[in-house]
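In: task: produce atomic coordinates for the following.
(one chain, ligands or ions: 2)
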Amino acid sequence: MAPKTSISHVIFDMDGLLLDTEKFYTEVQEIILARYNKTFDWSLKAKMMGKKAIEAARVFVEETGISDSLSAEDFLVEREEMLRKLFPTSELMPGASRLVKHLHASGIPICVATGSHRRHFELKTQRHGEVFSLMHHVVLGDDPEVKQGKPSPDIFLAAARRFEGGPVDSQKILVFEDAPSGVGAAKNAGMYAVMVPDPRLDISFHEAADQVLSSLLDFNPNDWGLPPFPDTTI
Ligand SMILES: O=P(O)(O)OC[C@H](O)CO
Ligand SMILES: [Mg+2]
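Out: Numbers count the residues shown, from 1 in each chain. Ligands and ions are numbered 1, 2, ... in the order given. Prediction:
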């Protein structure tokens, strides 16, 4: 059950939360692993998602036992060619546009904090300027202030500092995340976390979140002291 609290600022994760891009990583990683007669599963996916590219790459080659044949760096080079073609086709997740537009229209400052680096961010968001232009700022995985990727709190603390009048008190910030590492990062930063996990993710990963939803469409701003959607006002 979610705590009834008063949130003043919101931080959105991007991959798998605002954008349906996690499927691209999964697809490409399945192809690469098949070459080694191995299968990519959701326990490995859970360890990789949300992290910076090189951190996720190290997990991938080490956990699958292929690091002697494929280095993390070479894995990234190989993955890149396929991802570059897929990212421009990225679609918004259900409810993402409605929620972002509602919070922005209600005067709630919002931003994005993604493990994605600049080049990938540009490819993924090129068709979604309408939603991403509403963000006060975007913090990327290759930002100099993000020393370590999620679950380190670095990225969310940097995001809190960059709001107008920042740093914003962590207790007033609500983070939307899909990944275990991202929920961990939000909690390590002292913020509240709403998790919208892929249904294939093991439910043991739900525990750390303050609220778990099947879809952004199910979010009730009232749970967090945020302005209700216009169509739910009496
Ligand atoms: O989930 P994000 O937006 O932090 O992105 C992280 C990686 O790029 C993909 O898992
Ligand atoms: Mg994510």
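In: what comes up buried for the longest helix seen in the chain?
Out: Across the chain, the longest stretch assigned as helix under DSSP state H is helix 72-86. If you call a residue buried by 16 or more other C-beta atoms under 10 Å, then helix 72-86 has these buried ones: Ala72, Phe75, Leu76, Arg79, Met82, Leu83, Leu86. Just so you know, the C-beta spots here come from the backbone N, C-alpha and C atoms, and that holds for glycine as well.
In: what are the ranges of the helices in the protein?
Out: Ranges of helices in the chain, per DSSP H, are 22-34, 42-48, 53-63, 72-86, 96-105, 118-125, 129-132, 154-161, 180-188.
In: mind putting these in a markdown table, distance to ligand 1 and mean pLDDT included?
Out: Formatted as a markdown table, the helices of the chain follow (distance: least, C-beta to the nearest ligand atom, whole Å; pLDDT from 0 to 100):
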| stretch | distance to ligand 1 | mean pLDDT |
| --- | --- | --- |
| helix 22-34 | 6 | 97 |
| helix 42-48 | 7 | 97 |
| helix 53-63 | 6 | 96 |
| helix 72-86 | 10 | 96 |
| helix 96-105 | 12 | 98 |
| helix 118-125 | 7 | 98 |
| helix 129-132 | 12 | 98 |
| helix 154-161 | 8 | 98 |
| helix 180-188 | 6 | 98 |
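In: out of these, nearest to Pro228?
Out: Closest of the helices of the chain to Pro228 is helix 96-105, at 9.0 Å (criterion: C-beta to C-beta).
In: which secondary structure elements does the closest one sit against?
Out: Contacts defined by 3 or more C-beta pairs under 8 Å, 6 or more residues apart in numbering; DSSP states H and E place helix 96-105 against strand 110-114, helix 129-132.
In: right, so the ones you listed: which one is the most enclosed?
Out: Most buried of the helices and strands packed on helix 96-105, by mean neighbour count (mean count of other C-beta atoms under 10 Å): strand 110-114, with a mean of 25.
In: pLDDT on it, on average?
Out: In this model, strand 110-114 carries a mean pLDDT of 98.
In: out of the helices and strands packed on helix 96-105, the one nearest Ala186 is which?
Out: Relative to Ala186, the nearest member of these by C-beta to C-beta is strand 110-114, separated by 9.1 Å.
In: now do that closest one against helix 96-105, angle only.
Out: 130 degrees (axes from the mean of the first three to the mean of the last three C-alpha atoms, to 10 degrees).
In: interface residues of the chain facing ligand 2?
Out: Within reach of ligand 2 by C-beta under 5 Å from the ion, the chain has these residues: Asp13, Asp15, Gly16, Leu17, Gly50, Asp178, Ala179.
In: let's have those residues in a markdown table, adding pLDDT.
Out: Shown next, in a markdown table, are the residues of the chain next to ligand 2 (pLDDT from 0 to 100):
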| residue | pLDDT |
| --- | --- |
| Asp13 | 98 |
| Asp15 | 98 |
| Gly16 | 98 |
| Leu17 | 98 |
| Gly50 | 94 |
| Asp178 | 98 |
| Ala179 | 98 |
